[in-house]
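*Asks:* the sequence isn't on hand, but the structure is:
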């Protein structure tokens, strides 16, 4: 993955993402969700249980979002997978959703303090193990 250049330019979307409008729409939607719900990439990554690099890749279209992570993102924002995919509109940020996000972030921060990330495990794919993210929480 390429990081922004010296002037902060964002990398181009991968050719396979450009050729697949649903993937392109989902890349844009994940960023829109995060921004509307007032999270930064670091916080979203901590809650979902992936690296910031993974979130950056999803938003720029350099990485495809697996179905498992689509479900995890939907759970984070308390929306349907159809919203994550860009097939339905993004709902408003309610006080209940904001409280839920704050609770999820506090839990992710507590996990990080309790069990620091293992760099070798993160290097193997940028994901935390089972049980360390909302990706494995029942819907």
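*Replies:* Alright, I've got the coordinates. Worth saying up front: this structure is predicted, and the values here are computed from it rather than measured.

*Asks:* all the helices of the protein, residue numbers only.
*Replies:* 15-18, 21-36, 41-48, 52-60, 67-77, 81-85, 95-114, 119-123 (DSSP state H).

*Asks:* how about CSV for these, with mean neighbour count and mean pLDDT added?
*Replies:* Any C-beta I mention is one placed from the backbone N, CA and C, and that applies to glycine too. Shown next, in CSV, are the helices of the chain (neighbours: other CB atoms under 10 Å; pLDDT from 0 to 100):
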stretch, mean neighbour count, mean pLDDT
helix 15-18, 12, 56
helix 21-36, 17, 91
helix 41-48, 21, 95
helix 52-60, 21, 94
helix 67-77, 20, 96
helix 81-85, 18, 96
helix 95-114, 13, 91
helix 119-123, 10, 47
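
*Asks:* mind checking pLDDT for residue 62?
*Replies:* We note a pLDDT of 88 for residue 62 in this prediction.

*Asks:* around it, how many other residues sit close by?
*Replies:* As a burial measure, residue 62 scores 18 neighbours (other CB atoms under 10 Å).

*Asks:* go on, the one 4 residues further on?
*Replies:* Taking other CB under 10 Å as the neighbour definition, residue 66 ends up with a count of 12.

*Asks:* many thanks, have a good one.
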